[in-house]
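How does the following fold in three dimensions:
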Amino acid sequence: MNEIFANINVALAAATTTVENNPVLNISIFGAFVAVTLFIVIRASRNNKTAADYYAAGRSFTGPQNGFAIAGDYLSAASFLGICGAIAINGYDGFLYSIGFLVAWLVALLLVAELMRNTGKFTMADVLSFRLKQGPVRMAAAITTLAVCFFYLLAQMAGAGGLVSLLLGITEQLGQSIVVAVVGVLMIVYVLVGGMKGTTWVQIVKAFLLIGGAIVMTIWVLAINGFNLNTLLEGAVAASTTDPKDAILGPGLQYGKNPWDFISLALALVLGTAGLPHVLMRFYTVPTAKEARRSVVWAIWLIGLFYLLTLVLGYGAGALVGPAEIAAAPGGVNSAAPLLALHLGGPILLGFISAVAFATILAVVAGLTITAAASFAHDIYANVVKKGKVAADGEVKVARRTVVVIGVLAILGGIGVQGQNVAFLVALAFAVAASANLPTIIYSLFWRRFTTRGAVWSMYGGLAAALILIVLSPVFWGTETSVFKNTGTAIWPLNNPGIVSIPLGFFLGWLGSVTSRRGSEDPVKAAEMDVRSLTGHGAEKAVDH
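Numbering: from 1, shown residues only. Down below sits the predicted model:
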């Protein structure tokens, strides 16, 4: 897990050891991207008047547009850099990450995406509380949503700070902290001004840039190898440092020592994606269930294409740059993609790929921030504190204030984790989503006897189990890559808690439901939820009022 989600700022710093940094060129590329996206955000903000406009972009996006936005939200810079590096070093085992992420997306689509879109209004808690008691369920769902978003946000902020620091040639701690603050302010402006509509357009632009950049690099690598994949693989084997050299073409290099760790990680990634609130929220931006299905088709093709490209880029980095140089770079495996860009196109392509990586981070950060703000304003403030008696414009005002608070916390947190291993933050986000959110989502959609007690036990229990096991794991203690380096001994031996916390979340949901004296809190609502989730009938009218 650490290899996939390691600190991006360290990874990209590898490039500075190979080529003299060109801050003027890099800042020009970066500035052009910021200028274009700010213009788009300001243009998109003109119609942000109601809660539906701010949270769900007025449900005005088409299926293809939302498909690109979903791809932009889902394809993170950490995945891009980490997967390329994992394939370059570990070959077949590294490509398992690509397979895992793609399968995770299919699980999310087939099990929950359209059903939640048809049932909900703006947030995940709308669905979970649909037929249960509003107060306790919304509060629990909002807390798990905020936990997922905040931990994910910290990792992205630290990566963004390091990335821009590289573009500007800043190496001092104070300078990097200032950069993190600037990135945080920029993110606040994007979300504050543009809302979901502006955020969606940033994600669409980012998806074009990321997939376009990956296609260019892939074609370049294939052209060097005569458009022959076999030649590329032979080059990767020849440059390999493994014994035997062709071991990178088969399984076992990365996961042979502790298969339980891999199983735990796989469970968290595959199931956690279906519970990531910022991904699920994307489905509320289309007007109909038909457009939601169209966006699903576009997203699958785009995401599938991207993960196929990582196979060529990963083995290309292994063949052209060499695993020894990649491993020796300051960023380790995560330096593979920048070093490959540098090898292919020099400082210009390096600057472009760095700008694309920053665009990727900014899009994910914006999506996380608006999801967290919507969860607090819509679920906690409007429906728990005010009991639903709040004007739409009042709710949006609270959401905007929440964006500022979340932005400040993200800036302070991003500065605090600079230079540390922030892999555990993203791992924790996936583990919490899989342990706390997914069981409740599945039970709510498919089990009539699910109760409020089951929902609350599942969410709080899954959240607590994931947090405790992460804190007791090697991610925090006892190794060179731990948060507290070479200090203490890990009580829990695995890097990811998914193998325990996910089944526990499902078990607690079942136990809480069967021990409740009453069945479903509202049988009429349960029947309505079944019809709406499966057919979409009544969803459009209900969600906009």
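
With adjacent residues omitted, what lies nearest to Tyr255?
Distances taken as Cβ to Cβ, 6 or more residues apart in numbering place Phe262 nearest to Tyr255, at 4.1 Å, with adjacent residues excluded. The way it works is simple: take the backbone N, C-alpha and C, and place the C-beta from them, glycine included.

buried stuff in the helix or strand the one you found falls within?
When elements are assigned from DSSP states H and E, Phe262 belongs to helix 259-272. Neighbour-count burial for helix 259-272 flags Asp261, Phe262, Ser264, Leu265, Ala266, Leu267, Ala268, Leu269, Val270, Leu271, Gly272 (criterion: 16 or more other Cβ atoms under 10 Å).

Give me the pLDDT value at the first one.
This points to Asp261. You'll see Asp261 listed with a pLDDT of 82.

low-scoring stretches of the stretch 1-150 of the chain, by residue?
Low-confidence segments of the stretch 1-150 of the chain (pLDDT under 70): 1-22, 47-58, 77-78, 120-122.

Now do the strands in it.
Assigned by DSSP state E, counting those that start in this stretch, the stretch 1-150 of the chain shows no strands.

Tell me, how many residues neighbour Phe227?
For Phe227, the neighbour count with other Cβ atoms under 10 Å is 11.

That one is in what secondary structure piece?
With DSSP H and E as the test, Phe227 turns up in no helix or strand.

heads up, I number from 29, so please use that
With 29 as the first residue, the last one maps to Phe255.

Which stretches in the stretch 179-328 of the chain count as helices?
201-252, 257-267, 287-300, 305-308, 317-348 (DSSP state H, counting those that start in this stretch).

Highest mean neighbour count out of those?
helix 305-308 (a mean of 25; mean count of other Cβ atoms under 10 Å).

Can you give the contact residues for that helix?
Outside of helix 305-308, the residues that reach it under the criterion Cβ atoms under 8 Å, 6 or more residues apart in numbering are 98, 101-102, 136, 140-141, 144, 151-152, 173, 176-177, 180, 301, 392, 395-396, 398-399, 403, 461, 465.

and that helix, C-alpha only, in PDB?
Provided in PDB are the C-alpha atoms of helix 305-308 (Å, rounded to 0.1, in the frame of the first residue of the first chain):
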ATOM      1  CA  PRO A 305     -18.700   9.500  -0.800                       C
ATOM      2  CA  HIS A 306     -17.000  11.900  -3.200                       C
ATOM      3  CA  VAL A 307     -17.200   9.300  -6.000                       C
ATOM      4  CA  LEU A 308     -20.900   8.400  -5.200                       C
END
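
That one: how far from the chain's middle?
Between the centre of helix 305-308 and the centre of its chain there are 9 Å (Cα atoms, centre = their mean, to the nearest Å).

Output the below-cut-off pLDDT ranges for the stretch 429-573 of the chain.
For the stretch 429-573 of the chain, the stretches flagged by pLDDT under 70 are 445-453, 455, 509, 511, 546-550, 564-573.

For it, which segments are assigned as helices?
451-460, 466-474, 480-499, 526-542, 551-563, 567-571.

Likewise for the stretch 29-178 of the chain?
Counting by DSSP H, counting those that start in this stretch, one finds helices in the stretch 29-178 of the chain at the ranges 30-33, 36-40, 51-72, 79-84, 91-102, 105-118, 120-136, 142-147, 152-156, 162-196.

For Gly379, find the nearest of the helices of the stretch 179-328 of the chain.
helix 201-252 (11.3 Å; Cβ to Cβ).

Report the separation between Ser561 and Asn146.
Distance, Ser561 to Asn146, using Cβ to Cβ, to the nearest Å: 5 Å.

oh sorry, the question was meant for Ala356
Plainly put, Ala356 is 52 Å away from Asn146 if you go by Cβ to Cβ.

Please apply the same query to Thr399.
In terms of Cβ to Cβ, Thr399 sits 19 Å off from Asn146.

before we move on, what about Val433?
Between Val433 and Asn146 the computed distance is 32 Å (Cβ to Cβ).

And these two? Which one has more around it.
Higher neighbour count among Val433 and Asn146: Asn146, with 25 against 13, using other Cβ under 10 Å.

I'd say that one and Thr563 touch.
Yes: between Asn146 and Thr563 a contact is recorded at 7.4 Å, counting by Cβ atoms under 8 Å.

Common neighbours of these two, please.
By Cβ under 8 Å, 6+ apart, Asn146 and Thr563 have these common neighbours: Ala317.

Give me the pLDDT value at the nearest residue to Ala141 once chain neighbours are set aside.
Residue nearest to Ala141 in three dimensions, not counting chain neighbours: Phe311, with 5.5 Å by Cβ to Cβ, 6+ apart. Looking at Phe311, its pLDDT is 77.

mind checking how far Phe311 is from Met487?
Noted for Phe311: a distance of 21 Å to Met487, by Cβ to Cβ.

ditto for Gly444
27 Å.

do the same with Val211
Per Cβ to Cβ, Val211 is found 31 Å from Met487.

could you redo the helices of the stretch 429-573 of the chain as TSV and give each row mean neighbour count and distance to Gly342?
As requested, the helices of the stretch 429-573 of the chain are exported to TSV (neighbours: other Cβ atoms under 10 Å; distance: least, Cβ to Cβ, whole Å):
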stretch	mean neighbour count	distance to Gly342
helix 451-460	27	19
helix 466-474	24	29
helix 480-499	24	28
helix 526-542	21	25
helix 551-563	16	39
helix 567-571	15	42
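
out of those, nearest to Gly332?
helix 451-460 (20.2 Å).

Can you give me the neighbour number for Thr515?
When neighbours are defined as other Cβ under 10 Å, Thr515 has 11 of them.

Report the contact partners of it.
Thr515 is in contact with Trp505, Gly506, counting by Cβ under 8 Å, 6+ apart.

so Ile530 makes contact with Ser486?
No: look at Ile530 against Ser486 with Cβ under 8 Å: they stay out of range, at 10.8 Å.

contacting residues for the closest residue to Pro521 other than its chain neighbours?
In this structure, Pro521 finds its nearest non-sequential neighbour in Pro502, 7.2 Å apart by Cβ to Cβ, 6+ apart. Pro502 sits next to Ser510, Ala518, Pro521, Leu522, Asn523 when contact means Cβ under 8 Å, 6+ apart.

Pull out the buried members of those residues.
Buried among these by 16+ other Cβ under 10 Å: Ser510, Ala518, Leu522, Asn523.

and of those residues, the nearest to Ala251?
Asn523 (38.5 Å).

so that closest one touches Phe290, yeah?
No: in terms of Cβ under 8 Å, Asn523 does not count as a neighbour of Phe290; the distance is 9.9 Å.
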